[in-house]
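Novice: Sequence and predicted structure, then a few things I'm wondering about:
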Amino acid sequence: MFIVWGSRGYQKRLSETEGLVHCEHFNNDVHYEAVEIGRHFTLFWIPLFTYRRQYAAVCPICGRGRSADAKAELEYLMAALSTPAPDVKA
Ligand SMILES: [Zn+2]
């Protein structure tokens with residue numbers, strides 16, 4: 001008898017920013033996506049549980065963005081990105 005076990009990476013799209021965010025890489029305005037990136041432990045190719053999970057707000061075109069340690073931090077980051085910077089007048 002043998003046991004087949006391993007891991008499989010996944011990426012799940014959670015939401016996107018309400019407003020447009022300026023991406024410096026291609027110099028365009030896009031809706032950033034909140035994504036969850038992780039790995040599943042698999043037994044006989046069936047995913048059983050997630051053992052590594054990271055969050056990020058990324059540009060859907062170039063894939064660059066900002067990482068977050070926790071889901072709450074990602075939600076804060078997405079809210080901050082959705083809010084346009086106020087005009088500062090002297
Ligand atoms: Zn981009």
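Specialist: Happy to help now that I have it.

Novice: Ends of stretch 13-30, what's the gap?
Specialist: 15 Å (C-alpha to C-alpha, to the nearest Å).

Novice: Any part of that stretch near the ion?
Specialist: Yes - counting by C-beta under 5 Å from the ion, the ion is contacted by stretch 13-30 at 23, 25-26. Where C-beta positions appear, they are placed from N, C-alpha and C, glycine not excepted.

Novice: Go through those and flag which are in strands.
Specialist: The strands, defined by DSSP state E, take in C23 from the residues of stretch 13-30 next to the ion.

Novice: which of the residues of stretch 13-30 next to the ion lies closest to the ion?
Specialist: Of all the residues of stretch 13-30 next to the ion, the ion sits closest to C23, with 3.3 Å by C-beta to the ion.

Novice: you'd agree that closest one is up against G63?
Specialist: No - with contact defined as C-beta atoms under 8 Å, C23 does not reach G63; the gap is 10.2 Å.

Novice: Which of the two has more residues huddled nearby?
Specialist: Comparing C23 with G63 by other C-beta atoms under 10 Å, the one with more neighbours is C23, at 18 against 11.

Novice: Leaving out sequence neighbours, find the closest residue to the more buried one.
Specialist: C59 (4.4 Å; C-beta to C-beta, 6 or more residues apart in numbering).
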